[in-house]
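> show me how the following folds:
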Amino acid sequence: MSSSIPPGGRTLGILNPAAGLKRFELRRHAPAPDLAALVDWHWVVRWSLPAPFEQEILPHPCVNLAIQVNGSIVNGLGTRREVSRLEGTGRVVATKFKPGGFFPFARCPMRRLVDRAVPLAEVFGDAASALEREVLDQPDDLLGVRAIEGLLRAHRGPPDPGLDEAMTLAARAQGDRDVHRAEDLARVAGVSVRTLHRAFERYIGVGPKWIIRRSRVQEAAERVASGASVAWAALASELGYHDQAHLIRDFKAQVGFTPAAYAARCAAASAARG
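Residues are numbered from 1 along each chain as shown. Reported below is the predicted structural model:
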């Protein structure tokens, strides 16, 4: 199943999405059932621009594999705001893994890939160049996605006893608003915070506290971008912050703007003609 991002659809991690979605098309494809435990979705971006455009991104706690003309890569978990420059005409066919989902393919502690983009061949060897040719020479996005899935099946490592639990806990850190601190997650897992942190660094790449903070700020940014009125004190409480000031500081540190300044940018982009 595939889908494009509809007006008002979820755009977590895409900053100022109204500006970007006027300049590129983004489609998502569901993974095959046998890979769904590891892959969140496949995504394809197409653009044809008269002038360069820079899309800001607040990355998810995961790895992306991207097939592109200017060099196919494995993009490790990014801890900082990123900028993707689009110019001319182009296409990227990519796979977004779940937090921890790339571990069976990397076969190394995921902290080694944090804030790194490595050539596809560094992970997949000689198979990388063949995959790149197959995907880029194939205009059908879905066939390109299936080619990526074939590579993943061929290179999937053996089961690891700690991976499933780490992925379950990472998903909870992202989505459970009753989990406010690493201590909350350690209590759920029945382990010490230190043990939990070691497992997250091995399988996910970063600690649970980072995931909790990032997912909360992504949620806040999406609400601002939607154009809805935001009651910041109430949202801070909902997301587990001590107070409104704490949320605003965290928002600015990660997004680069105060919530008010970011809201103004999003409103201007929504009002502008495409």
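> C-alpha from now on. contacts and neighbour counts both.
Will do.
> please report how far Arg181 lies from Ser215.
Separation of Arg181 from Ser215 (CA to CA, to the nearest Å): 12 Å.
> so for those two, which sits in the more crowded spot?
Just comparing Arg181 and Ser215: by other CA atoms under 10 Å the higher neighbour count belongs to Ser215, 22 against 15.
> give me every residue that touches the closest residue to Glu87 other than its chain neighbours.
In space, Glu87 comes closest to Pro52 once its chain neighbours are excluded; the distance is 4.3 Å by CA to CA, 6 or more residues apart in numbering. Under the criterion of CA atoms under 8 Å, 6 or more residues apart in numbering, the neighbours of Pro52 are 85-88.
> same thing but at 7 Å, please
Pro52 makes contact with 85-87 under the criterion CA atoms under 7 Å, 6 or more residues apart in numbering.
> got the phi/psi numbers for Val179?
In this entry, Val179 is assigned phi and psi values of phi -90, psi 100 (degrees, to the nearest 10).
> any idea how many residues pack against it?
Applying the criterion other CA under 10 Å, we find 19 residues in the vicinity of Val179.
> over to Arg156?
Counted by other CA under 10 Å, the residues lying close to Arg156 total 15.
> right, and it touches Phe103 too?
No - applying CA atoms under 7 Å, one finds Arg156 not in contact with Phe103, separated by 9.0 Å.
> and the next element down the chain from the longest helix seen in the chain?
Here the longest helix in the chain is taken by residue count, with DSSP state H as the criterion, and it is helix 208-225. Sequence-wise, the next helix or strand beyond helix 208-225 is helix 232-238, with elements assigned using DSSP states H and E.
> tilt between the helix or strand following that following helix and helix 208-225?
Moving toward the C-terminus from helix 232-238, the first helix or strand encountered (DSSP H and E) is helix 244-255. Compare the direction of helix 244-255 with that of helix 208-225 by axes from the mean of the first three to the mean of the last three CA atoms, to 10 degrees and you get 90 degrees.
> mean confidence for helix 244-255?
Helix 244-255 carries an average pLDDT of 96.
> now stretch 23-38
Over the span of stretch 23-38, the pLDDT mean works out to 97.
> repeat that for stretch 143-155.
This predicted structure assigns stretch 143-155 an average pLDDT of 98.
> domains in this protein, by residue range?
Per automatic domain parsing, the structural domains of the chain span 2-155, 163-271.
> what about stretch 13-30, start to end distance?
Where stretch 13-30 begins and where it ends lie 18 Å apart, using CA to CA.
> show me what counts as buried in it.
For stretch 13-30, the neighbour count (16 or more other CA atoms under 10 Å) marks 13-21, 23-24, 26-30 as buried.
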